[in-house]
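> Following is a predicted model, sequence given first.
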Amino acid sequence: MTSARTAPHWRITLADNTVDEQEITAVSEVLRSRWLSAGGQTAAFEREFADRLGVDEAVAVSSGTAALHLATMALDLRPGDEVIMPALTFVACAAVVALAGAVPVLADVRAPDDLTVDPADVTRLLTRRTRAVVAMHYAGYPADLPALRAVCERHGVSLIEDAAHAPAVGYAGGMLGTHGDIGCFSFFATKNLTTGEGGMVLARDPAVRERIRLARSHHLTASTWDRLRSGDASYDVSGYGLNYRPTEVSAALGRVQLRKLTLDRLRRRALVATYREVLAAAPELVLPFAERTGDSALHLMPVVLPDGVDRAVVREELSASGIQTSVHYPPVHHLSAYRGSAGAERSALAVTDAVAPRLLSLPLHSRMSDDDAALAARTLLRCLRVR
Ligand SMILES: *Cc1c(COP(=O)(O)O)cnc(C)c1O
């Protein structure tokens, strides 16, 4: 059976989610309660997410971009301030910095087989104006947090983790998203844990966390929920804020999804193993992170095509076989809004530029069978004329 949301053209979609009757029941209960925002579901989702990550508190928000925006707002960026981030990341990281009048400074990634930000390049890019460094855990694999933390501490700048690909990944004695000053998560429709649209923010410093919580909801000193409970209708506004609240529906969805992460991870692990086994037949194909032994959310299955292969042709051939692919990501400095921008010219970005035209993401989600992964891998081998 083809579900309504899956284009019948695709035999294997790039991503899918684990939503089933459990989420439908949870969401129905919220709708029956008729309390749709800022209530018990949001509070419980925050509690359960914080417990899962081993932190005191988490702040649920309406998207990963909202999480990143609140993180940069907490930095009180001034025009001309700089935030260093990998050039190979989703554009939201750069946009929230640029919108504050600050400069997204783009750093190179480490190597074709390690697509996380290079701490040595970050160090080279530090100036007196640097306020923060963003580490993005590409495909769910940890960036080099010990090195990045050391650089940030030495220079007195904040470390922000974009853990959109990496919910509940253990690394060096703590979960990803808890090593930096602020950790941001996304629950967008294609992410391992999804609420359709949604996100979460963690902050090490309780005062920063409180500012983020207030800014999420207009910096109101009392929420609708508090006012309902206390019977007091008054509130004050102690700073500039926005409305980045999740709905109770999405929080209820998130609570069920959080419980499914472990099984989802196990399935992804088997699929990635199958991919790597079959794709080993193409020695010129780079399989990023293949040598990593630690935990990963295995959010994506990226490959770096052999030099000189026309990616468009490969994608076309895969698509003709019903296999959906994507590219994560066009580097920020290749996008017209950022091309030639102040922060795009500082680093050579040699690795990023070399891998960018060769990057390809293959289907990876826990509704796939091992046969699906083997089929997608063999179809790629056929495109590369490997037998
Ligand atoms: C998905 C994603 C975001 C943005 O999250 P949204 O929930 O879509 O706003 C930011 N950074 C990375 C690395 C992402 O993958």
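Structure received.
> got the contact list for the closest residue to Leu145 other than its chain neighbours?
The spatial neighbour of Leu145 that comes closest, neighbours along the chain excluded (C-beta to C-beta, 6 or more residues apart in numbering), is His179 at 4.5 Å. The C-beta positions use only the backbone N, C-alpha and C, and glycine is treated the same way. Taking C-beta atoms under 8 Å, 6 or more residues apart in numbering, we find His179 in contact with Leu145, Arg149, Leu159, Glu161, Tyr171, Ala172.
> mind checking the SS state of the fourth one?
Under DSSP: H, G, I helix; E, B strand; the rest coil, the three-state class of Glu161 is strand.
> Against which helices or strands is the longest helix seen in the chain packed?
Assignment by DSSP state H gives helix 248-279 as the longest helix of the chain. Secondary-structure packing of helix 248-279 (3 or more C-beta pairs under 8 Å, 6 or more residues apart in numbering; DSSP states H and E): helix 21-33, helix 40-53, strand 301-304, helix 370-383.
> Determine which of these approaches the ligand most closely.
strand 301-304 (12.5 Å; C-beta to the nearest ligand atom).
> do that closest one and the ligand meet?
No. Judged by C-beta under 6 Å from any ligand atom, strand 301-304 stays clear of the ligand, getting no closer than 12.5 Å.
> After that strand, which helix or strand is next? Please name it.
Following strand 301-304 in sequence order, the next helix or strand is helix 311-320 (DSSP states H and E).
> list the buried ones in the next helix or strand after that next one?
Using DSSP H and E, the next helix or strand after helix 311-320 towards the C-terminus is helix 350-355. Buried residues in helix 350-355, counting neighbours by 16 or more other C-beta atoms under 10 Å, are found at Val351, Thr352, Val355.
> list the contacts for Ile84?
Listed by C-beta under 8 Å, 6+ apart, the contact partners of Ile84 are Val105, Leu106, Ala107, Val122, Leu125, Leu126, Thr130, Ala132, Val133, Val134.
> same question, Ala377
Thr274, Tyr275, Val278, Leu279, Leu362.
> Skipping adjacent residues, who's closest to it in space?
Ala377 sits nearest to Val278 (C-beta to C-beta, 6+ apart), 3.7 Å away.
> The longest strand belonging to the chain pairs with which strands, parallel or anti?
Ranked by number of residues, the top strand in the chain under DSSP state E is strand 130-136. Its sheet considered, strand 130-136 pairs with strand 82-86 (parallel), strand 158-162 (parallel) by DSSP bridges.
> Select, out of the ones you listed, the one closest to the ligand.
Taking those one by one with C-beta to the nearest ligand atom, strand 158-162 is closest: 4.9 Å.
> Pull the number of nearby residues for the residue of the stretch 51-200 of the chain at minimum distance from the ligand.
The stretch 51-200 of the chain approaches the ligand most closely through Gly64 (2.4 Å), counting by C-beta to the nearest ligand atom. Using other C-beta atoms under 10 Å, Gly64 has 26 other residues around it.
> Once you drop chain neighbours, what's closest to it?
Closest to Gly64 by C-beta to C-beta, 6+ apart is Ser186, at 2.5 Å.
> Now do the same contact list for that neighbour.
Contacts of Ser186 by C-beta under 8 Å, 6+ apart are Ser63, Gly64, Thr65, Ala67, Ala164, Gly198, Gly199.
> circling back to that earlier point, deepest of the helices and strands packed on helix 248-279, which one?
Mean neighbours per residue, mean count of other C-beta atoms under 10 Å, is largest over these for strand 301-304, with a mean of 24.
> Would you reformat the helices and strands packed on helix 248-279 as TSV and include mean pLDDT?
Shown next, in TSV, are those (pLDDT from 0 to 100):
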stretch	mean pLDDT
helix 21-33	98
helix 40-53	98
strand 301-304	98
helix 370-383	98
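> For the ones you listed, could you give me CSV that also reports distance to Lys260?
CSV is the format used below for the helices and strands packed on helix 248-279 (distance: least, C-beta to C-beta, whole Å):
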stretch, distance to Lys260
helix 21-33, 8
helix 40-53, 12
strand 301-304, 19
helix 370-383, 19
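> For the stretch 101-250 of the chain, which segments count as helices?
Along the stretch 101-250 of the chain, the stretches classed as helices by DSSP state H, counting those that start in this stretch are 119-125, 145-155, 206-216, 224-230, 248-279.
> So which residues lie in contact with the first one, not counting its own?
When you say that, I think you mean helix 119-125. So helix 119-125 is in contact with Ile84, Val105, Ala107, Asp108, Val133, Asp144, Ala147, Leu148, Val151, Arg346, Ser347, going by C-beta under 8 Å, 6+ apart.
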